[in-house]
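> task: produce atomic coordinates for the following.
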Amino acid sequence: MTCLAALLIGKFSQPKEVFLTDGNEASFENLEKICDRNEFECSVECCLLQWNKNLNYGDLEERFDYILCADCLFFDEFREDLCGTIFKLLKNDGTCLIFAPNRQNTFHKFVDMAKIKFECMIVNDYDLEVWERHLSEKENNSEYDEDIHYPLLLKLKKRTKQTNDFCKMVL
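Numbers count the residues shown, from 1 in each chain. Sure thing, here's the model as predicted:
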């Protein structure tokens, strides 16, 4: 299911707009059908978006207050492009929330890369009910593998020239 969290925000919340993207053509076509068959409380737009750090995204650049991503850090060949795309699309005070499992350390590889452009915060226990279920599964389910089944939360805050200058002054 593509863009589930953003679809729910558009359907049951009151944002100004929701802009949904996927880089996979089949997923994007599914997303368009979902949007056509539902009513939303705000403007909802869909876009086939390929991650590319060198691409000019035109009017999408520095447009978004929030970006939500889920389970998209495991593509080794696209990690740097994803990081650059998020940086280009976020407003200067924007925040990106990424949910993804560690998946053979791909989560932390992304974090290491993102630290250059973003203030990063990893949250393991972001919801009490989810955390307790995770702990129970670890203890009671031999098939549960937290490396692939438990999503961590990564909060990215875009570094601006001012925050970079401040960090240089403090260091």
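> longest strand anywhere in the protein?
strand 90-100 (DSSP state E).
> quick check: residue 49 vs residue 121, distance?
25 Å (CB to CB, to the nearest Å). Using the backbone N, CA and C atoms, a C-beta is placed for each residue, glycine as well.
> neighbour count: the two, which is higher?
residue 49 (17 against 11; other CB atoms under 10 Å).
> could you pull up the residues touching the more buried one?
Applying CB atoms under 8 Å, 6 or more residues apart in numbering to residue 49 gives the contacts 21, 22, 23, 85.
> just flag the most distant two among these.
22 and 85 (12.9 Å; CB to CB).
> those two: which has the busier surroundings?
Per other CB under 10 Å, whichever of residue 22 and residue 85 has more neighbours is residue 85, with 23 against 20.
> what about the closest residue to the more buried one other than its chain neighbours, neighbour count?
Distances taken as CB to CB, 6 or more residues apart in numbering put residue 51 closest to residue 85, at 4.5 Å, once the chain neighbours are dropped. Neighbour count for residue 51, taken as other CB under 10 Å: 18.
> if I look at the nearest residue to residue 146 once chain neighbours are set aside, how far off is residue 101?
Nearest non-adjacent residue to residue 146, counting by CB to CB, 6+ apart: residue 138, 6.0 Å away. Using CB to CB, residue 138 is found at 13 Å from residue 101.
> need the overlap of contacts for these two.
Residues within reach of residue 138 and of residue 101 at once, by CB under 8 Å, 6+ apart, are residue 146.
> which one's more surrounded, the two?
The neighbour count for residue 138 versus residue 101, taken as other CB under 10 Å, is higher for residue 101 (18 against 13).
> what about residue 20, how many neighbours?
21.
> so what's it up against?
2, 3, 6, 7, 10, 31, 35, 44, 45, 46, 47.
> which helix or strand contains it?
Using DSSP states H and E, residue 20 falls within strand 17-22.
> burial count for residue 48?
Burial measure for residue 48: 14 neighbouring residues, criterion other CB under 10 Å.
> who's it bridged to?
residue 22 (DSSP bridges).
> residue boundaries of the helices in this protein?
Secondary structure of the chain (DSSP state H): helices at 4-12, 25-36, 79-89, 106-114, 128-140, 146-149, 161-170.
> please name the residues that touch residue 29.
Applying CB under 8 Å, 6+ apart, no residues contact residue 29.
> most centrally placed residue in this protein?
Centroid-nearest residue in the chain: residue 69, 2.2 Å away (criterion: CA atoms, centre = their mean).
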